[in-house]
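In: Below is the sequence, then the predicted model.
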Amino acid sequence: MTAEPRPRKPRQRSTSRQGNAPQPADPTRDVAFDILCGVVENRRMLENSLTRSATAHNAPPRDRAAAHRLAATTLRHMGTLRALLEPFLRKEPPEPVRVALMMGCAQLLFLETPPHAAVGTTVSLLRRRKLAPFTGLANAVLRKVADQGATLLEGLDQNRLDIPAWLWTAWNQLGRGVPRAIARGISHEAPLDLTLRPGATAPEGGVVLPNGSIRMPAGTRVAELPGYEEGAFWVQDAAATLPARLLNAQPGEKVTDLCAAPGGKTAQLAAAGATVTAVEQNPNRLTRLRENMERLAYPVEIVQADATSWVPDTLQDAILLDAPCSATGTARRHPDVLWVKRPRDLNTLTAGQDQMLKAAMGMVKPGGRLIYAVCSLQEEEGPARARAAQAMGWQPAPFTPEELAVLPEALTPEGWLRTHPGMWADKGSMDGFFAARFIRPKD
Ligand SMILES: C[S@@+](CC[C@H](N)C(=O)[O-])C[C@H]1O[C@@H](n2cnc3c(N)ncnc32)[C@H](O)[C@@H]1O
């Protein structure tokens, strides 16, 4: 990713004009603006807008990456940006204008964009988007923000503002001070974590974490690292390595990875020597899973199927169910999640998680193991599902302190795994995961 959106010389002329003034093309800001409007107005996930908008604006990879960074930075600080703009706005502007202003402020306050570039490009953006009546407002507000700079942030509780209220309340259930610790973990760009294939050499510039992950600086382009093409490693957050590690797959065991793409956990199971079947429903994600397994040269059987109804040919020794969820635990990599998800989304998600927990019972042999995992911080998708699994007949098999020696603070009194972005704060934080282990009772 580029260091920051770069002010650029006009490359071509836009066809959208205000009066006679042609507007310089600026695909970075056009794409970032589309992404942010998608999140704010339609609750559309960042990735869903990115490709579409980058294609529409003919944005080369460098602009695409810069747009992603600009949109993600704005989203990470969105509550703060809204609050600090409030005193400058006598009337509520249309939401796209507010989005453009927030984007401008994010450049001034968090991306060190020179004031003339942040102000000028915002004014041009508004003209291109047929919002010319608001260019005077943008000019005046952004100049004031540029003049006052970081003093505007003084006295604002940024951690509190940048987390939607319903999530802050929900995360209080994780413990005293945890919502603030999570907010701090989410407030900066996440590093890139790699899982090394056994015996492979780590790329230079990384730090070895206690669980063995290699942590590269934020913004590292994985495909450009030596060893990537040869399959020496794969991208996987440090916390995301824990569920598959806790399944403790043995060489020759038959293990199914339900909901497998893009395949980080599948690769771990294959690396352990298990005979792995990877089930994935989404065709595009299945392609990514296949490409990853090909690059890593792991002989995994890949099946396109619905995990709620798929039945294996033979009963499995173990199942890893990394269920689709709200993904609130991944907000440091996907800050859009915070503003796209709603409490009511949890009803559909938990119903699907229960269906998969039920179906998994028919896939594993009596005495076989199941790990249920979600990258969610929500009680409904974690502890409540573990209790639901037990009510379905799954027998709990709690994790032990020895198994979680690398991260003792993640072991709950019930023997579940609970990580969150407040953990390993001194090392650059980690994603939020919940996992619980069960055994299918012997008949
Ligand atoms: C949390 S992601 C899995 C991440 C993956 N386990 C990894 O570690 O790389 C959940 C996946 O479940 C897939 N999925 C959603 N519903 C499914 C279903 N009914 N059957 C199979 N896969 C499904 C999604 O497409 C998505 O790829």
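Out: Yes, it's here.
In: The stretch 151-300 of the chain against the ligand: which residues are in contact?
Out: For the stretch 151-300 of the chain, the contact set with the ligand under CB under 6 Å from any ligand atom comprises 240, 259-265, 279-282, 285. For glycine as for every other residue, the C-beta is placed from the backbone atoms N, C-alpha and C.
In: show me what contacts the closest residue to Ala202 other than its chain neighbours?
Out: Leaving aside its chain neighbours, Ala202 sits nearest to Ile214 (4.6 Å; criterion: CB to CB, 6 or more residues apart in numbering). Ile214 is in contact with Asp193, Leu194, Thr195, Leu196, Ala202, Pro203, Gly206, Val207, Val208, Phe233, counting by CB atoms under 8 Å, 6 or more residues apart in numbering.
In: How far away from the center of its chain is the helix or strand containing the second one?
Out: Element membership for Leu194, per DSSP states H and E: strand 192-196. In terms of CA atoms, centre = their mean, to the nearest Å, the gap separating the centre of strand 192-196 from the centre of its chain is 15 Å.
In: From the contact counts, what lies against it?
Out: Packing contacts for strand 192-196, counted by 3 or more CB pairs under 8 Å, 6 or more residues apart in numbering; DSSP states H and E, involve strand 214-216, strand 233-235, helix 264-271.
In: any chance of these in TSV, plus distance to Val406 and mean pLDDT?
Out: Shown next, in TSV, are those (distance: least, CB to CB, whole Å; pLDDT from 0 to 100):
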stretch	distance to Val406	mean pLDDT
strand 214-216	14	98
strand 233-235	19	98
helix 264-271	15	98
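In: With respect to burial, which of those scores highest?
Out: helix 264-271 (a mean of 25; mean count of other CB atoms under 10 Å).
In: how about the worst-scoring helix or strand of the chain on mean pLDDT: buried residues?
Out: Ranking every helix and strand in the chain by mean pLDDT, DSSP states H and E puts helix 46-56 at the bottom, with a mean of 94. Neighbour counts over helix 46-56 (16 or more other CB atoms under 10 Å) mark Leu46, Ser49, Leu50, Ser53, Ala54 as buried.
In: Show me the helices in the stretch 51-200 of the chain, by range?
Out: Using DSSP state H, counting those that start in this stretch, the helices of the stretch 51-200 of the chain run over 61-76, 78-85, 95-110, 115-128, 135-148, 158-161, 165-171, 178-186.
In: Now do the helix or strand hosting Pro243: which elements does it pack against?
Out: According to DSSP H and E, Pro243 maps onto helix 242-247. In terms of contacts (3+ CB pairs under 8 Å, 6+ apart), helix 242-247 is packed against helix 264-271, strand 316-322, strand 364-374, strand 417-419, strand 433-439.
In: Between the ones you listed, which one is closest to Thr151.
Out: strand 417-419 (36.0 Å; CB to CB).
In: which residues touch the closest one?
Out: Residues outside strand 417-419 that contact it (CB under 8 Å, 6+ apart): 174, 239, 242-243, 246, 329, 373, 382, 399, 404, 407, 410-412, 430-436.
In: related to what we said a few turns ago, tell me which of the contacts of Ile214 is nearest to the ligand?
Out: Nearest to the ligand out of the contacts of Ile214 is Thr195 (CB to the nearest ligand atom; 10.2 Å).
In: okay, that closest one: pLDDT?
Out: Note on Thr195: pLDDT of 98.
In: who's it bridged to?
Out: Assessed by DSSP bridges, Thr195 has beta-bridge partners Trp234.
In: how many neighbours does it have?
Out: 24 (other CB atoms under 10 Å).
In: Make sure I have this right: Ala384 is in a helix.
Out: Yes: remark: Ala384 belongs to a helix, assigned using DSSP: H, G, I helix; E, B strand; the rest coil.
In: Point me to the helix or strand that includes the residue nearest to it when sequence neighbours are not counted.
Out: In space, and not counting its chain neighbours, Ala384 is closest to Thr350: 7.2 Å by CB to CB, 6+ apart. Assigned by DSSP H and E, Thr350 falls within helix 345-361.
In: List the buried residues for that helix?
Out: Leu346, Leu349, Thr350, Gly352, Gln353, Asp354, Met356, Leu357, Ala359, Ala360, Met361.
In: what separates the nearest residue to the fifth one once chain neighbours are set aside from Ile302, distance-wise?
Out: Which is Gln353. Take Gln353 and drop its neighbours on the chain: the residue closest to it by CB to CB, 6+ apart is Ala323, 4.7 Å away. Remark: distance between Ala323 and Ile302 (CB to CB, to the nearest Å) = 19 Å.
In: of those two, who's got more company?
Out: Per other CB under 10 Å, whichever of Ala323 and Ile302 has more neighbours is Ala323, with 23 against 20.
In: Pretty sure the more buried one sits against Leu370.
Out: No: counting by CB atoms under 8 Å, Ala323 stays clear of Leu370, with 11.3 Å between them.
In: Pull up the overlap in contacts between the two.
Out: Common contacts of Ala323 and Leu370 (CB under 8 Å, 6+ apart): none found.
In: Now the buried members of the contacts of Ile214.
Out: By 16+ other CB under 10 Å, the contacts of Ile214 give Asp193, Leu194, Thr195, Leu196, Ala202, Pro203, Gly206, Phe233 as buried.
In: Run through who's touching stretch 42-53.
Out: 30-31, 34-35, 38-39, 59, 64, 67-68, 71-72, 75, 334, 336-337, 339-340, 342.
In: let's see it at 6 Å
Out: Defining contact as CB atoms under 6 Å, 6 or more residues apart in numbering, one finds that stretch 42-53 is touched by Val31, Asp34, Ile35, Gly38, Asp336, Val340.
In: mind giving me the domain ranges of this structure?
Out: 27-158, 239-439 (automatic domain parsing).
In: returning to what we had before: quick check, nearest of the buried residues of helix 46-56 to Arg127?
Out: Using CB to CB, Ser53 comes nearest to Arg127 of these, at 18.2 Å.
In: Would you mind measuring from the closest one to Arg44?
Out: 10 Å.
In: Same check on Pro87?
Out: Where Arg44 is concerned, Pro87 sits at a distance of 30 Å (CB to CB).
In: neighbour-wise, which of those two wins?
Out: Comparing Pro87 with Arg44 by other CB under 10 Å, the one with more neighbours is Arg44, at 17 against 10.
In: Pull up the gap between the more buried one and Leu174, please.
Out: Distance from Arg44 to Leu174, by CB to CB: 28 Å.
In: Farthest-apart pair in the buried residues of helix 46-56, please.
Out: Taking every pair in the buried residues of helix 46-56 and measuring CB to CB, the maximum separation is 11.7 Å, between Leu46 and Ala54.
In: Flag every residue of the stretch 301-443 of the chain that's near the ligand.
Out: Selection of the stretch 301-443 of the chain residues close to the ligand by CB under 6 Å from any ligand atom yields Asp306, Ala307, Thr308, Asp322, Pro324, Cys375.
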